[in-house]
Structure formats: structure tokens, C-alpha cells
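1. Need a 3D model of the following:
(one chain, ligands or ions: 1)
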Amino acid sequence: MRKTGILPDREISALFEAGALTTPRPLDDGQIQPASLDLRLGETAYRVRASFLPGPEHKVADKLARLKLHEVDLTDGAVLETGCVYIVPLLERLDLPAGVAAAANPKSSTGRLDIFTRVMADHCAEFDKIPEAYAGPLYLEVSPRTFPIVARTGSRLSQIRFRRGKAALDGEALLDLHRTETLVASEQPNVNGGGIALSIDLKGAAGAGGLVGYRAKHHTALIDVDKRDALNVVDYWEPLFIRDQPELILDPDEFYILVSREAVHVPPDYAAEMTPFDPLVGEFRVHYAGFFDPGFGHSGAGGTGSRAVLEVRSHEVPFILEHGQIVGRLVYEHMLSRPKALYGADLGSNYQAQGLKLSKHFR
Ligand SMILES: Nc1ccn([C@H]2C[C@H](O)[C@@H](COP(=O)(O)OP(=O)(O)OP(=O)(O)O)O2)c(=O)n1
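-> The predicted structure is shown next:
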């Protein structure tokens with residue numbers, strides 16, 4: 001076993017058994033993923049006036065007591081409205097061993113619904129980063145941006161990864177791995193700053209009738225975050241078709257689901273994370289960075305040809321996005337050891353071998 005890396009499923013179970021991860025009720029089926037743990041909402045959502053960070057001097061609960069406007073009981077499910085900020089204590093609590101830190105991220109399904117989420121810990125000065133040996137509660141900031149949602153105690157909107165030491169591959173190691181494993185199917189891989197570029201597909205897949213993406217509708221009905229295959233696409237999304245030019249004008253502050261031109265591959269001994277591309281190239285960006293599981297796009301796990309789904313927004317000004325334009329980068333990290341299960345069929349995963357794909361809530 002390596003000395004540094006991302007903790008795989010069996011090490012996450014070991015954290016639970018050792019009391020480094022505690023919950024008031026047993027973990028749910030499938031909550032432990034190959035390289036992450038899904039975090040569950042607790043019993044109350046606190047509507048707050050504005051987002052905040054506790055900072056080194058404070059616990060989240062202290063600031064919450066001052067800033068909360070209203071309490072929403074989540075035990076039987078409740079509506080969380082667009083444009084509002086809620087803070088929800090999570091069921092999972094940490095008492096991490098020395099040398100183990102953690103990072104959180106919205107689940108892919110959460111990002112695809114444009115639900116903004118970030119994890120907070122006591123005394124933290126940054127969102128989504130949990131320092132080494134942290135002992136204390138976790139909270140989720142939730143702000144639905146486009147669709148009003150129904151969520152409840154136990155809903156899983158975000159996930160956490162545990163890391164021992166430095167796990168990321170540098171530029172050289174990344175290129176070496178790409179040469180042997182083809183991480184991103186592109187004739188000219190663009191590796192820069194330890195990340196490998198992902199670009200937009202605006203030509204559409206063969207047989208897709210020119211469909212290249214979706215733009216979210218406004219003033220829609222609710223979305224229950226726990227119901228799969230429940231909704232009609234056209235009630236929530238406007239399909240986008242390309243005719244002559246493979247380009248798309250992004251309207252400021254509209255939310256788009258697009259797909260990467262490149263197929264993506266995460267070999268079993270690695271995990272990846274998408275980071276937004278440098279905003280200096282324009283005021284548009286992938287809005288929700290995401291975790292990519294070990295085995296995603298891996299042929300041995302039924303994933304050949306899997307694309308990355310890209311949630312894109314333009315800010316300030318309309319922006320013309322062209323086919324092949326870079327929008328994000330994948331950073332790869334070592335797993336501490338190979339996970340017991342890989343992303344794919346065994347886990348009932350939703351997005352293996354996907355092309356342009358909305359969240360699992362749509363039929
Ligand atoms: N912007 C992103 C982020 C992730 N993914 C892919 C890679 C991940 O391995 C996969 C699943 O991601 P999550 O575990 O975050 O998603 P869910 O938990 O919502 O889905 P599943 O139930 O399939 O695990 O989606 C993607 O295509 N585009």
C-alpha cells in the first residue's frame with residue numbers, strides 16, 4: 001500500500017469502525033463510494049440571510065445562531081427555494097486521525113441540477129476543505145440556483161474525500177500515466193499545471209440529431225432530489241441544437257449542461273477531480289467542479305467512451321463558446337490502494353459510459 005493517497009472504500013469503512021467518522025444512524029446502502037463518502041442532510045435546514053465562513057475564531061453554530069432567519073424541518077421533506085441560502089447540519093461527524101485531511105464537493109447529480117453546495121467545518125477559513133485531524137461537526141450550505149427542490153433528512157447532495165499526505169500527480173507523472181492509460185482521448189493532450197484539459201463538444205454525437213446541450217428553464221415545478229427517472233426533460237430544459245456553425249452563445253447567468261469532446265478515463269488506482277479553467281480566458285466557466293471516481297470510463301468497468309458532463313455559465317457578458325474550447329482541467333491523484341468496487345455496473349452508478357446526460361432525476 002502507498003503511504004500517501006486518497007482513501008479507498010475499505011479505508012473509509014475502517015474510519016467508521018474506528019470512530020473517526022460517526023453518525024447517529026447507520027450508514028445507508030451505497031453511501032461509501034470507491035473513493036468518497038456521500039454526506040447526508042440532518043434534520044433541520046436553517047435559512048440564513050447570507051452565506052458566511054466561521055473563520056479561525058468561531059464555530060459554525062455560533063454564527064448560525066446570530067444569522068438564522070427561519071428553521072425548516074427536513075424530517076418529512078421540505079421545499080428549499082431558489083435564491084435562498086440554507087445551512088444544514090450533516091449527519092456525519094468527523095474525528096480524523098493525524099495525517100488525514102478531507103475535501104468535499106457537490107455530487108455530480110447536485111451540480112447537474114444547479115444546486116450550489118459547500119461544506120463548512122468549525123473554525124475553517126475555506127469552504128470544502130477539512131484540515132488534517134479535524135474533530136467536529138460538518139455543515140452544508142445549500143442554495144438552489146435554478147430549480148426549487150424538495151430535500152429531506154438523509155438526502156445526499158455532497159460527498160467527501162479523505163486524503164493522506166500529498167496525493168496529486170505532477171505534470172510529468174500525469175503525462176507518463178496518459179501515455180500508458182490514455183486519460184483523455186485527444187490527439188494532442190493539453191497538460192498544464194498538473195491538469196489535463198477538457199474541451200466542449202458542440203458538434204453533437206452521431207445519431208443525436210445535432211443535440212449539443214440543454215439550457216435550464218425558469219419558473220419550473222419542484223425537483224425531488226431523491227426521485228430518479230421521475231421528470232420529463234422538456235418541463236425543465238430547453239434542448240440546444242447546432243445547425244451550421246459549431247458554436248453557442250452563452251447568455252449571462254443562464255445555466256447550461258454541455259458535454260466534453262474527449263472521452264475521460266480514470267484508471268482503478270487513481271481518482272480525478274475537475275477544476276474550472278483559468279477565468280482569465282473569459283468570464284465563462286464550468287460552474288461545479290466535480291470528483292471522478294476510480295473506474296469511471298474504464299473499459300474493465302464498462303465505461304469505454306465516457307464523457308464528462310460540463311455545467312457551464314457565462315458571467316457579465318454574452319460569450320461565444322466554440323467547439324473544442326477548453327473549459328476545465330482534470331487533476332489526477334493516487335489512491336492509497338485500489339478500491340474494492342469500481343465506478344460502474346456493480347455500484348448501480350448512474351453516469352458510466354455516458355454521453356450528454358442530464359441528472360438521474362430525468363427520464
Ligand atoms: N462534472 C462532472 C462530474 C462528475 N462526472 C462523472 C464522474 C463521476 O465518477 C460520476 C459520478 O459522480 P458522483 O459520484 O458525484 O455522482 P452521483 O453520486 O450523483 O452519481 P452516482 O450515483 O452515479 O455515483 O459522474 C461527470 O461526468 N461530470
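2. which residues sit in contact with the residue in the chain that the ligand sits nearest to?
-> Residue nearest to the ligand within the chain: residue 290 (2.6 Å; C-beta to the nearest ligand atom). In short, each C-beta sits where N, CA and C put it, glycine included. Residues near residue 290 by C-beta atoms under 8 Å, 6 or more residues apart in numbering: 105-106, 108, 111, 273-274, 308.
3. Which phi and psi values does the residue lying farthest from the centre of the chain adopt?
-> Most distant residue from the mean C-alpha position of the chain: residue 244, 32.9 Å away (C-alpha atoms, centre = their mean). Backbone torsions of residue 244, given as degrees, to the nearest 10, read phi -90, psi -50.
4. and it, how far is that from residue 100?
-> Residue 244 sits at a distance of 53 Å from residue 100 (criterion: C-beta to C-beta, to the nearest Å).
5. what does residue 238 give?
-> Applying C-beta to C-beta to residue 238 and residue 100 gives a distance of 44 Å.
6. ok, the two, which is more surrounded?
-> Comparing residue 238 with residue 100 by other C-beta atoms under 10 Å, the one with more neighbours is residue 100, at 19 against 13.
7. so the more buried one makes contact with residue 132?
-> Yes - the pair residue 100 and residue 132 passes the contact test of C-beta atoms under 8 Å, sitting 6.4 Å apart.
8. burial of residue 165, as a residue count?
-> Neighbours around residue 165, by other C-beta under 10 Å: 14.
9. residues contacting it?
-> Residue 165 touches 3-5, 99, counting by C-beta under 8 Å, 6+ apart.
10. same question, residue 274
-> Going by C-beta under 8 Å, 6+ apart, residue 274 touches 198, 286, 289-290, 292, 308, 328-331.
11. Repeat that for residue 318.
-> 249-252.
12. switch to 6 Å and redo it
-> With contact taken as C-beta atoms under 6 Å, 6 or more residues apart in numbering, residue 318 is in contact with 249, 251.
13. lowest-pLDDT helix or strand in this structure?
-> Within the chain, no helix or strand scores below strand 284-286, which has a mean of 76 by mean pLDDT, DSSP states H and E.
14. by contact count, what packs against that strand?
-> Using 3 or more C-beta pairs under 6 Å, 6 or more residues apart in numbering; DSSP states H and E as the contact test, the elements touching strand 284-286 are strand 307-314.
15. Report whether the strand it packs on contacts the ligand.
-> Yes - interface with the ligand: strand 307-314 contributes 308-309 (C-beta under 6 Å from any ligand atom).
16. Can you name the element that comes right after that strand?
-> Next helix or strand after strand 307-314 toward the C-terminus (DSSP states H and E): strand 319-322.
17. So what are the sheet partners of that next one and their directions?
-> Strands that pair with strand 319-322, judged by DSSP bridges, come out as strand 247-250 (antiparallel).
18. what sits up against whichever helix or strand comes after the partner strand?
-> Going down the chain from strand 247-250, the next helix or strand is strand 256-263, by DSSP H and E. Residues from elsewhere that reach strand 256-263, judged by C-beta under 6 Å, 6+ apart: 184-186, 198-201, 213-215, 305, 307-310, 312, 356.
19. do strand 256-263 and the ligand meet?
-> No - judged by C-beta under 6 Å from any ligand atom, strand 256-263 stays clear of the ligand, getting no closer than 8.0 Å.
20. so that strand versus strand 307-314, what angle?
-> 140 degrees (axes from the mean of the first three to the mean of the last three C-alpha atoms, to 10 degrees).
21. how about the residues of the stretch 51-200 of the chain near the ligand?
-> 107-109, 111, 159.
22. ok, back up a step: need the contacts of residue 165 in a markdown table (columns: secondary structure, pLDDT and neighbour count).
-> Listed next are the contacts of residue 165 as a markdown table, based on DSSP: H, G, I helix; E, B strand; the rest coil; pLDDT from 0 to 100; neighbours: other C-beta atoms under 10 Å:
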| residue | secondary structure | pLDDT | neighbour count |
| --- | --- | --- | --- |
| 3 | coil | 96 | 9 |
| 4 | coil | 98 | 14 |
| 5 | strand | 98 | 24 |
| 99 | coil | 97 | 12 |
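23. Max pairwise distance over the residues you listed: which two?
-> 5 and 99 (11.8 Å; C-beta to C-beta).
24. in stretch 334-345, what counts as buried?
-> Neighbour-count burial for stretch 334-345 flags 334-336, 338-339, 341-344 (criterion: 16 or more other C-beta atoms under 10 Å).
25. Now intersect those residues with the strands, please.
-> Judged by DSSP state E, the buried residues of stretch 334-345 include residue 334 as members of strands.
26. Which ones, among the buried residues of stretch 334-345, also lie beside the ligand?
-> Okay, of those touching the ligand (C-beta under 6 Å from any ligand atom), that's residue 343.
27. Kindly reformat the buried residues of stretch 334-345 as a markdown table containing pLDDT.
-> Shown next, in a markdown table, are the buried residues of stretch 334-345 (pLDDT from 0 to 100):
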| residue | pLDDT |
| --- | --- |
| 334 | 98 |
| 335 | 98 |
| 336 | 98 |
| 338 | 97 |
| 339 | 97 |
| 341 | 95 |
| 342 | 95 |
| 343 | 95 |
| 344 | 91 |
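28. List just the nearest of the buried residues of stretch 334-345 to residue 61.
-> The closest of the buried residues of stretch 334-345, once distances to residue 61 are taken by C-beta to C-beta, is residue 336, at 32.5 Å.
29. tally of neighbours for the residue nearest to residue 297 when sequence neighbours are not counted?
-> Spatial nearest neighbour of residue 297, excluding adjacent residues (C-beta to C-beta, 6 or more residues apart in numbering): residue 306 at 3.7 Å. Close neighbours of residue 306, defined as other C-beta under 10 Å, add up to 28.
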